[in-house]
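Trainee: The following comprises the amino acid sequence and a computationally predicted model.
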Amino acid sequence: MVEHFAAEDPVARTAHVQWAGTEPSPIWLNQVRELSEFWIHRQQLLEALDRDPDLRSDILGPVLDGFRWAYPFRLASQTRPEGDTVTISISGPVARTWHLIASEQEWTFSESPGNQVATITMSTDEAWRLLTNNLSIERQSALRTSGDPALLKVLCKTRAILGAPK
């Protein structure tokens with residue numbers, strides 16, 4: 001998966017993925033958006049049938065890797081000193097750790113953290129549900145968080161779909 005949009009050919013930015021920003025996005029992010037829509041609807045059907053969600057990494061891995069691009073866009077409303085870092089940790093069948101570091105203009109993904117100012121830790125099941133507005137208020141309150149309350153509020157309200165958080 002491509003780490004930074006800036007490293008790509010700007011001509012390839014022809015998709016519009018509203019939850020990832022107002023500017024055109026790489027076409028691959030549009031493809032992930034399409035995959036995620038089918039995957040989310042399947043999860044909702046499984047839930048309606050009282051069946052366990054399908055958390056296989058071969059599909060959910062790319063879906064979560066696409067969903068993560070909602071975080072820098074939402075964090076843009078939070079101006080922080082350069083190097084301040086928020087970390088999102090996901091454990092379970094699809095394990096991910098994402099560090100977002102503040103700069104003067106934006107938040108970007110990094111392999112390693114800078115000055116840790118907020119963290120949120122959740123399971124694979126909680127991560128997809130939170131990012132798609134399918135995590136109950138009760139389960140949201142059980143997420144493991146620490147750090148700056150304003151940043152945590154943004155992280156908990158970030159959605160990688162259209163629509164407002166519950």
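Mentor: Good, I have the coordinates.
Trainee: What residues does the residue minimising distance to the centre of the chain make contact with?
Mentor: The centroid of the chain falls nearest to Arg68 when counting by CA atoms, centre = their mean (2.9 Å). Neighbour list for Arg68: Ile88, Arg96, Trp98, Phe109, Ala160 [criterion: CB atoms under 8 Å, 6 or more residues apart in numbering]. Just so you know, the C-beta spots here come from the backbone N, C-alpha and C atoms, and that holds for glycine as well.
Trainee: Recalculate using a threshold of 10 Å.
Mentor: Applying CB atoms under 10 Å, 6 or more residues apart in numbering to Arg68 gives the contacts Met1, Ala20, Ile88, Ile90, Arg96, Trp98, Leu100, Phe109, Ala127, Leu131, Thr158, Ala160.
Trainee: Any stretches of this protein with poor pLDDT?
Mentor: Across the chain, the ranges flagged by pLDDT under 70 are 1-21, 24-25, 162-166.
Trainee: all helices of it, in order?
Mentor: 27-48, 57-67, 70-75, 124-131, 137-141, 149-157 (DSSP state H).
Trainee: among those helices, which is the most enclosed?
Mentor: helix 124-131 (a mean of 23; mean count of other CB atoms under 10 Å).
Trainee: just checking, what packs against that helix?
Mentor: helix 27-48, helix 57-67, strand 84-91, strand 115-123, helix 137-141, helix 149-157 (3 or more CB pairs under 10 Å, 6 or more residues apart in numbering; DSSP states H and E).
Trainee: out of the contacts of Arg68, which are buried?
Mentor: Ala20, Ile88, Ile90, Arg96, Trp98, Leu100, Ala127, Leu131, Thr158, Ala160 (16 or more other CB atoms under 10 Å).
Trainee: quick one: which of the residues you listed is nearest Gly61?
Mentor: Arg96 (8.2 Å; CB to CB).
Trainee: sorry, back to before: quick one, which of the helices of the chain gets closest to Gln116.
Mentor: helix 149-157 (10.8 Å).
Trainee: From the centre of this structure, point out the most distant residue.
Mentor: The chain, CA atoms, centre = their mean, max distance from centroid: Leu49 (26.8 Å).
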